[in-house]
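A.B. asks: What follows is a protein structure lacking sequence information:
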C-alpha cells in the first residue's frame, strides 16, 4: 500500500513542534496504518499522536502532544492511501467515456468509493459496497453520503448501469437510511430511457421505499461530441418542460407525505425549458447546489445580499461560496471533512474522479486606476443566468462574453467545463483592450481541463473566485 506523504507543515503548529517535515512518509500513527484521510484525521484529533515515519529511507518515531481536536497542522498528499475503489459499471451516460484522448490521466479514473462520497460529495452507485463498508460507515458515522439512484425499477437501473448488481445495490441505501446516515440522491435523466413514465415511477419508488432520503436531484444527461452511445441524446425543450412539471407535482406530493420537497430539478432544466427558476425559499437551503440545484438563485441571493440597499456598496464579509460557475460533480470539503491546515483547498476532476489536495489559485484584484471595461468570461449557461442579474444591478458597463464549448461540443455549456483552447479562441477574436475576468472553477492548479495554462492565453486574464462578493469586488464601483 502506498504510504501517505506529508506535503506541507504549518508553522507554528503541533506538527512543526514535533519535527514533522514535508516529504515524510507516514508508516503508522498510534500503531495503526491509516487507509485514508478519514482514519488519518480521527487519529490526528487525538491529544497524543505517535508517528512512525520514513524520512530519506530512515525510520523515525515522532510524538505530537497537543490538545484533543487541535489541528495537527500537516497536509498530506491524497485522500485515499490504499487504493481508490474504481467503478465497475459501464453506464451509457458516463461523461468519462465521452472524453477525448490525450487529457491528463486523473480525468479518466472512475471511482465508486463511498469514502470520496463522504469527503467530497462524489456520487456512488453502491454496486461495490460491502457489509464491511456498511459497518464502518455506521461505526464512524460517515454522513452525509451521496448516492446515484437513476431509477428505482431494478431492471431499468441494471440497464442504465450495465451491471447485474445494479438492480440489487439500492438495498444498501435502505440500510444506510435505517442506521441514521444522511443520504442525498441523484438521478441522471436520460431521454427515452428513465424519463417520462419511468421517472414518475422512480418518484413513486422514492416515496414508497426511501421517504427518509434527504434530497434527490434530477440532472440532465450531458452529451459531448465524443460519445459512442447511439441511444444517448440531449433533451428537447418539451422534455425539459416535462421534467420541471414532474418535479413541481412531486414536490407537492412529498410535502404532503413527508413534510419536505425532497426532489429538485437542476438549473439547466429551467434554462432548457425557458421557465423561471423557483424562488430561493423552495430550494430548502440549497443542499445540492454544487450539483447544479439552485445555483442561480443562491448566487442571486449572495449577489444582492452583499450590497447595501441604499448605497450599493459592498457590506459584511464574504459568505458561503455558492459555486455558481461550478457544475462539476465533486463538492469541496466542508465542516468536518475540510482540510485541517489553514489555506489548504481541494479540487476534483469531473465525473467523480479521485480528488487530490491542491494549492489555492492566486485571485486577481482590480487595479483601482484601471479604466478599461470589464469583460466576464463564462459558459453559455453562465451568461444566460448572470446577464439578467447584472442588468438588475444596472451594470451596463460590464460585458458578458459567452465562450462556446467547441472542445466537448454536444450540449456542454457550463462554465466549469470550459477549456483553455476555447477560451483562447474566443480571446483571439477580440481586438479591444479590456479587463478579462475568468471564474476559477475552470481551473485546477492554474490549468484548464485540456492542460492549457492561464499564462498561455493570448490575453491577460484576472482569475476571480466563484462567489458573488468576489465578482463584485473585481468589478468595482460603476
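C.D. replies: On my side now, so go ahead. The shown structure was predicted, so the numbers you read here are calculated from the model rather than taken from an experiment.

A.B. asks: burial of residue 238, as a residue count?
C.D. replies: As a burial measure, residue 238 scores 9 neighbours (other CB atoms under 10 Å). Any C-beta I mention is one placed from the backbone N, CA and C, and that applies to glycine too.

A.B. asks: tell me which element it falls in.
C.D. replies: Assigning secondary structure by DSSP states H and E places residue 238 in helix 237-258.

A.B. asks: Just give me the neighbour total for residue 59.
C.D. replies: By the criterion of other CB under 10 Å, residue 59 has 10 neighbours.

A.B. asks: For it, which non-adjacent residue is closest in space?
C.D. replies: residue 52 (6.9 Å; CB to CB, 6 or more residues apart in numbering).

A.B. asks: Identify the residues contacting the one helix or strand the one you found maps to?
C.D. replies: Residue 52 belongs to strand 48-55 when elements are defined using DSSP H and E. Strand 48-55 has contacts (CB atoms under 8 Å, 6 or more residues apart in numbering) with 3, 18, 20-21, 23-31, 43, 59-66, 72.

A.B. asks: Could I get the buried residue list for the helix or strand following that strand?
C.D. replies: Next along the chain after strand 48-55, taking DSSP H and E as the criterion, comes strand 58-65. Buried residues in strand 58-65, counting neighbours by 16 or more other CB atoms under 10 Å, are found at 62, 64.

A.B. asks: Show the contacting residues for residue 375.
C.D. replies: 398-401, 434-437.

A.B. asks: ChimeraX command for the buried members of these?
C.D. replies: A single ChimeraX command selects the buried members of the contacts of residue 375 (16+ other CB under 10 Å):
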select :398,400,401,435,436,437
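
A.B. asks: in the stretch 201-350 of the chain, what spans have low per-residue confidence?
C.D. replies: In the predicted model of the stretch 201-350 of the chain, residues 306-350 satisfy pLDDT under 70.

A.B. asks: where along it do the helices fall?
C.D. replies: In the stretch 201-350 of the chain, the segments counted as helices under DSSP state H, counting those that start in this stretch are 237-258, 267-273, 295-305.

A.B. asks: Tell me which of those helices approaches residue 454 most closely.
C.D. replies: Evaluated over the helices of the stretch 201-350 of the chain, closeness to residue 454 peaks at helix 295-305, with 23.0 Å, by CB to CB.

A.B. asks: returning to what we had before: right, and the pair among the contacts of residue 375 with maximum separation?
C.D. replies: 400 and 435 (13.4 Å).

A.B. asks: quick one: residue 208 from residue 174, how far?
C.D. replies: Distance from residue 208 to residue 174, counting by CB to CB, to the nearest Å: 11 Å.

A.B. asks: who has more neighbours, the two?
C.D. replies: Neighbours per residue (other CB under 10 Å) separate residue 208 from residue 174, with residue 174 holding more: 14 against 9.

A.B. asks: Break the protein down into its domains, please.
C.D. replies: For the chain, the structural domains run 6-76, 95-291, 361-475, going by automatic domain parsing.

A.B. asks: Mind putting the ones you listed into TSV with distance to residue 87?
C.D. replies: Formatted as TSV, the domains of the chain follow (distance: least, CB to CB, whole Å):
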stretch	distance to residue 87
domain 6-76	17
domain 95-291	4
domain 361-475	20
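
A.B. asks: between those, which gets nearest to residue 85?
C.D. replies: domain 95-291 (4.0 Å).

A.B. asks: Check the offset of the closest one from the chain's centre.
C.D. replies: Domain 95-291 has its C-alpha centroid displaced from the chain centroid by 14 Å (CA atoms, centre = their mean, to the nearest Å).

A.B. asks: before we move on, the earlier item: run a quick neighbour tally on the residue nearest to residue 59.
C.D. replies: Residue 52: 17 surrounding residues under other CB under 10 Å.

A.B. asks: re earlier: now for the helices of the stretch 201-350 of the chain, which one comes closest to residue 412?
C.D. replies: Comparing these by CB to CB, helix 267-273 comes nearest, at 10.8 Å.
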